[in-house]
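Enquirer: Here's my sequence, what's the structure:
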Amino acid sequence: MRLVVADTSPLNYLVLIEQVAILPALFEKVFVPQIVRDELRHDEAPESVRRWIAEPPSWVEIVPAGRDSDDPALVDLDDGERAAIQLAVRIRAELLLIDDRDGVNVARCNCVIALPPSGLMGGYWKVVNKAQDAAIVVLKDTPENILKRITFYDIDSRPIQRNLTDREKRLHLRKIKGDITYFSHSFQRAHVSVDITGGGPDEAARKVKDRLTLAPSKERSQASDHPLGRMR
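Expert: Down below sits the predicted model:
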């Protein structure tokens, strides 16, 4: 299930134009912060919107407010936008439905874009290299650990459980090692390199956060000065 969070305005206008049914057609569930719900049922909200949120459909899940963030970037946003961004970060949402420009800019600063190993080459790099105030992080692990995390899919793109033979393991490990060697040169374009060997998702996230907190500005400057980092 894709995790989707909605701010007040998108829901408000979709209800007003009678197109809110498009959301359950696209997403199984939409998470709505309690503060957003309160804004939708405010006395000054349109009557049709107040009626809709009074008995929200089953695909809407109202989420109580969590601990308020001390992020200074959120201070100037209104309560609904701030709550929506905080909830999206808390539940690691894939999508945030928001239309305020300031909110969008803040949300962009709090997002993570995962790229394949080729993400710092070719067309990917042309886009990534134009990103402003973005930290480029390369995650490093052993071929054996990478193999353990690989998910296999059937012809209909459904994940399947597959037990590899010793021969298949050797073949996959050889391919992974080859990819690591092939992409190692482009990985030098990253601002930060983090070794997550043997760690789970939470530990890997902690290592990345700690690494970025230590000396991000210095390392970014070094990366931009690197001959590879100046390539176009």
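
Enquirer: For this structure, just list every one of the helices.
Expert: Ranges of helices within the chain are 8-16, 22-26, 34-40, 47-54, 79-90, 101-109, 122-128, 143-149, 166-183, 201-214, 216-225, based on DSSP state H.

Enquirer: Single out the most deeply packed of these.
Expert: With neighbours defined as mean count of other Cβ atoms under 10 Å, the helices of the chain peak in mean count at helix 79-90, which reaches a mean of 23. For every residue, glycine as well, the C-beta is placed using N, CA and C.

Enquirer: tell me the angle of that helix relative to helix 8-16?
Expert: 110 degrees (axes from the mean of the first three to the mean of the last three Cα atoms, to 10 degrees).

Enquirer: returning to that earlier point: select, out of the helices of the chain, the one closest to Val137.
Expert: Counting by Cβ to Cβ, Val137 lies closest to helix 201-214 out of the helices of the chain; the figure is 5.8 Å.

Enquirer: Tell me which other helices or strands the closest one touches.
Expert: Packing partners of helix 201-214 (3 or more Cβ pairs under 8 Å, 6 or more residues apart in numbering; DSSP states H and E): strand 137-140, strand 192-195.

Enquirer: The first one: which residues count as buried?
Expert: Neighbour-count burial for strand 137-140, with 16 or more other Cβ atoms under 10 Å as criterion, is recorded at 137-139.

Enquirer: Kindly reformat those residues as CSV and extend each row with distance to Val89.
Expert: Listed next are these as CSV, based on distance: Cβ to Cβ, whole Å:
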residue, distance to Val89
Val137, 17
Val138, 23
Leu139, 20
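
Enquirer: And the residues you listed, which is closest to Ala54?
Expert: When the buried residues of strand 137-140 are compared against Ala54 (criterion: Cβ to Cβ), the nearest one is Val137, at 44.7 Å.

Enquirer: so that closest one makes contact with Leu212?
Expert: Yes. The criterion here is Cβ atoms under 8 Å, and Val137 meets it with Leu212 at 7.3 Å.

Enquirer: Find residues that contact each of these two.
Expert: Val192 (Cβ atoms under 8 Å, 6 or more residues apart in numbering).

Enquirer: Neighbours of the residue nearest to Leu16 when sequence neighbours are not counted, how many?
Expert: Distances taken as Cβ to Cβ, 6 or more residues apart in numbering put Pro46 closest to Leu16, at 6.0 Å, once the chain neighbours are dropped. If you count neighbours by other Cβ atoms under 10 Å, Pro46 ends up with 13.

Enquirer: ok, back up a step: so which of the helices and strands packed on helix 201-214 gets nearest Tyr13?
Expert: It's strand 137-140; of the helices and strands packed on helix 201-214, that one is closest to Tyr13 (Cβ to Cβ) at 36.4 Å.

Enquirer: That closest one pairs with which strands, parallel or anti?
Expert: Using DSSP bridges, strand 137-140 pairs in its sheet with strand 192-195 (parallel).

Enquirer: got a list of contacts for the strand it pairs with?
Expert: So strand 192-195 is contacted by 135-141, 187, 204, 207-208, 211-212, 216, 219 (Cβ under 8 Å, 6+ apart).

Enquirer: rewinding a little: any chance of the buried residues of strand 137-140 in TSV, with pLDDT and distance to Ile98 too?
Expert: Output for the buried residues of strand 137-140, formatted as TSV (pLDDT from 0 to 100; distance: Cβ to Cβ, whole Å):
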residue	pLDDT	distance to Ile98
Val137	85	25
Val138	88	30
Leu139	87	28
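
Enquirer: Just the closest of those to Tyr182, please.
Expert: Nearest member of these to Tyr182, counting by Cβ to Cβ, is Val138, at 13.9 Å.

Enquirer: In terms of pLDDT, where does the closest residue to that closest one other than its chain neighbours sit?
Expert: Nearest residue to Val138, sequence neighbours excluded (Cβ to Cβ, 6+ apart): Ala190, at 4.1 Å. The model reports Ala190 with a pLDDT of 86.
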